[in-house]
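Starting from these lines, generate the structure:
(3 chains)
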Amino acid sequence: MSAAVEMQPYVDPRDRGGAAQPMLIARELQRHFRVKGAGTGAVVRAVDGVSFTLFKGETLGVVGESGCGKSTLARLLLHLVVPDSGELVFDGDAVGERGGVNVADLRRQVQMVFQDSYSSLNPRMPVQDSIAFGPMVNGRSKTEARRIAHEILVKVGLRPDLFGPRYPHELSGGQKQRVNIARALAVGPRMVILDEAVSALDKSVEAQVLNLLRQLKRTLNLTYLFISHDLNVVRYISDRVLVMYLGQVVELGPAAEVFARARHPYTRALLGSRLSMDAGRRIEAPPLVGDPPSPIDPPSGCRFRTRCPHAESVCEARMPTLGHWEDRSSHVAACHMTRPDSGHSLAGSA
Amino acid sequence: MNERVVVAPGAIPADSEIADNEVDLAPAIKVRGYWQSVLHRLRYDWMTIGFGLVVLAIVIAAIAAPLIAPFDPYQQSIVGRLKPFGWRGHPWGTDELGRDMMSRLIYGGRISLLMGLAPVLIATVVGGMLGVIGGFAGRVANTAIMRTMDVFYAFPSILLAVAISGAMGGGMINGIISLSLVFTPAMCRVAETATAQVKNLDYIEAARASGASTLTIIRHHVLGNVLGPVFIYASSLVSVSILLASGLSFLGLGVQPPEPDWGLMLSTLRQSLYVDPLGCALPGIAIFVTSICFNLVSDGVRGAMDVRG
Amino acid sequence: MDGHTEAAAPLLDVRDLTVKFVSREATVTAVNGATFSLRAGEVLCLLGESGSGKSVTLRALMRLLPKQAQVAGRVELGGQDVLALQGKALRAFRGGEVAMVFQEPMTALDPVYTIGQHLVEMIRRHKGGTKAEARARAIELLELVKIPSAARRFDAYPHELSGGLRQRAMIAIALSCGPRLLLADEPTTALDATVQIQVLILLRRLQQELGMGTIFVTHDLGVAAEIADRVAVMYAGRVIEEGPVADVLRAPKHPYTAGLLASTVHEQAPDQDIAAIPGSPPDLRRLPGGCSFAPRCGLATEACRQAFPDPVYPAPGRMARCLRVADVLPSPLTELA
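Sure thing, here's the model as predicted:
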């Protein structure tokens, strides 16, 4: 991927800080939701102090189980959900603050592709109108928007004359997801958030869409935030990986390193739960027991300690911190075992 | 099993312009809009078509009443009072003032249909708008609108209609206003529910993410999807409205004599129940047939609209 | 199809099962002559993508399809003609001899009853006995599926349990009457990875302990590798390949299975495209005349478009319905293993 960027020294006119300046920096993002009917003051800690950097031209994979807050995180980045606190910096400008970039400008540069479902496209609209909608609300004329829609349909591998006039129910799952991608690209974004974008697809179709995403990223110079629960897919498409558990980042680092030498016990358990596709190498004992706890009332200290095989008293007493996460190459984990001075008996071994 | 396939196999088109390998093997697929496909499904539904034709006949008869009706519906005759069914010159007999029953029934359709359709139309527009606003707006506006509607909901509809008509006095216009007020809360609730359902779908979020304003989103993405349920509900209200309007007229709170209205006719003819039972029943039959046909057509349309894809 | 290797009568024998959904507008052939059999104590995975007919097949085995579905063919469970069952015999068959685990326990369980009430009702309907006896048996079952503090969870409503526990409760209900055949429809697809592997291991252990024949529907090759003895790969309503799981996943004999293996993301090099199968599955309203996979198949010849290929048996216990069996390349996993 990085090689492709070097071969094409194309610079987006909207690029302000150059290649070295991160596309996006999230600092201590937090969003809690009040729960109805679950007692007074009960809150879901959907995203609880999440920090990371997204560099230009890279793909950052976000993995985690249901309820870990990865979808809320995606919506926070687009201000579809407004964060309670924390800071979001897009290409050097603070988002939604005076002197920074406003939300409308942000949304022209960052787009989102949702999971393919019955609700991802307006059922009453031909798909070419769904795609043209974005350019139209951004001031293009109707014919111009239609022309853009047709160009993008070609880019995602659908013939505009055949597929443009169709309604969503006349498309297969893979075709619909191509349209969803086309809709996101029609606005001309620099960064695309893919929220479980291939999860609902059949495997043979998933492969087609993954190939397409990689190809589009190369030709359009895009930056991806790729959210998925499928570790194999994340491993394949990501340059760096961020692992979430109950609203917090537990591990962040280059994909190859995280998958080869995971530092957080939760990441190791996730990797150990991957099915092998080889009947001769079956998993005999589950790496973890029980379900992830509810994000409404997470455990004190380290949130993973209730399921962690190495939990000690220090894990209950203090919440581990992530460490220095700002660099492209840093591989960090929020675990006491990674800190020599944490007081954990296995400290420094991970 | 969710069949999401549309592509039928055939030869792979040798189109090298397509960068990827999405092979569409059935270019001849017919693209239909939503309403087109609803009509397409209705085409096969003989029941709905049949009852729809009856409704159409009633509507045409009411519109063309001056051309069809054999007599002036107001023309009285002292000698020709309460003639039975099949009387010479008056095939459906005459009423207690000697007016031709057939003519009065045909003219009565005008008022009854107006009383059936106008309140529903008004309620659909007013209630629908309030509902969409309530469904899309924040919690405060939603609470204000929906709780106000709930106040109306607290009364049984017939009682509310009688109370409003009673307070405002009789007459057709007042009848229409009172019935509109009765239907608006229900319409509003349907529109609000449909809007709230659509509001949280991914494609609305995608529209927001592309920078569209709330009004644009409502116009492009919400209205079309709310229209379906609202239309279905409205069509089922027409028969209720006809019945309620007839009830108001029957009680003397709606249309005033000597206007030919089915409900009013039923009321005035009931004194001659023992003299001419069949004649007395005719307006009732007209109300029954009209409302049941509207109901069955509404059911058929609902069935055709329910299917997705 | 494995008649020449297998002497004992199979527990379940399905021959030419066809399911059509007929409506005014179209006839959808969801299952199109599926043939397979299952020995007692064996786990067979029906592997296929959406629209392959795997879930419809499963529902046909349990006679759960709606009335407008036209079912043809033969289904025999221990010599009993399943498609002919009526009334009381059918009710005793469902739940008693055959039980089913669904993908989404939240919708398969009635939200107004507790887990215990579900279990007690099931036990008493099929086995009779007093409430106290049924309760004792129910708690035993909850312990069997490893639900922690089973006696307390007995009184929990479905929504009070986590996804993994709900699916365990669903399995307990399915096992409550000691079925000879367990049908599982993607029971772990909705679960998180760390929970999925727990439920798979539990199912594998229970199946071995209780000796049930099990048919496991999945779209996930990894799940099949984890739990199956044999796999039957379905495409467009037919079983197009069958054999022992390890053999099929290592050396597929049908181009579709090979393509599925190659396109499943699994340790591929990040800088290379994945070998995807082109196109989409066929429209079940307008199936092609010959092999249904021919339009997407790189090996297809004119002969493939003429008639659907008859089964061939390239190796003991292996079956594939393909004219080009000899040309199918082995799976990429062969090199890995």
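
C-alpha only now, for contacts and for neighbours.
OK.

Residue B:152 versus residue A:65, what's the distance?
From residue A:65 over to residue B:152 the distance is 47 Å, taken as Cα to Cα, to the nearest Å.

Give me the more crowded residue out of these two.
residue A:65 (22 against 17; other Cα atoms under 10 Å in any protein chain shown).

Show the backbone phi and psi for the more buried one.
Backbone geometry at residue A:65, expressed as degrees, to the nearest 10, gives phi -90, psi 180.

so it makes contact with residue C:190?
No: counting by Cα atoms under 8 Å, residue A:65 sits too far from residue C:190 to count as a contact (11.1 Å).

what helix or strand is residue C:36 on?
Assignment of secondary structure by DSSP states H and E places residue C:36 within strand C:27-38.

From the chain's centroid, how far away is that strand?
Put simply, strand C:27-38 sits 13 Å off its chain's centre (Cα atoms, centre = their mean, to the nearest Å).

before we move on, what about stretch C:122-142?
For stretch C:122-142 - counting by Cα atoms, centre = their mean - the centre lies 28 Å from the chain centre.

Equivalent analysis for stretch A:303-315, please.
The answer for stretch A:303-315 is 26 Å, by Cα atoms, centre = their mean.

Same check on stretch C:19-27?
The chain centroid and the centroid of stretch C:19-27 are separated by 24 Å, computed with Cα atoms, centre = their mean.

Could you pull out the helices in the stretch 101-250 of chain B for me?
B:101-136, B:139-153, B:157-168, B:172-199, B:202-209, B:214-217, B:223-250 (DSSP state H, counting those that start in this stretch).

picking that back up, can you list contacts of the strand holding residue C:36?
For strand C:27-38, contacts defined as Cα atoms under 8 Å, 6 or more residues apart in numbering or on different chains pick out C:1, C:10-22, C:44, C:51-54, C:56-57, C:73, C:213, C:232, C:236-239, C:284-285.

got the angle between the following helix or strand past it and strand C:27-38?
Next helix or strand after strand C:27-38 toward the C-terminus (DSSP H and E): strand C:43-47. For strand C:43-47 against strand C:27-38, the angle by axes from the mean of the first three to the mean of the last three Cα atoms, to 10 degrees is 150 degrees.

Just the CA trace of strand C:43-47, in PDB.
Output of strand C:43-47 as PDB, limited to C-alpha atoms (Å, rounded to 0.1, in the frame of the first residue of the first chain):
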ATOM      1  CA  VAL C  43     -22.300 -34.600  12.100                       C
ATOM      2  CA  LEU C  44     -23.100 -33.500   8.500                       C
ATOM      3  CA  CYS C  45     -22.600 -29.800   7.600                       C
ATOM      4  CA  LEU C  46     -24.800 -28.400   4.900                       C
ATOM      5  CA  LEU C  47     -22.400 -25.700   3.600                       C
END
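
Could you pull up the mean pLDDT of the helix or strand following it?
Once the chain leaves strand C:43-47, the next helix or strand it forms, by DSSP H and E, is helix C:54-61. Averaged over helix C:54-61, pLDDT sits at 92.

With stretch B:267-274 instead?
Across stretch B:267-274, pLDDT averages out at 80.

Model confidence for residue B:175, exactly?
At residue B:175, the predicted lDDT confidence score is 88.

again, but for the one 3 residues further on
Predicted confidence (pLDDT) for residue B:178: 90.

Residue C:72 now?
94.

same deal with residue A:231?
In this model, residue A:231 is scored at 92, pLDDT.

And residue C:241, what's its pLDDT?
pLDDT, residue C:241: 95.

looking at it, it is touching residue C:255, isn't it?
No: between residue C:241 and residue C:255 there is no contact under Cα under 8 Å: 9.7 Å.
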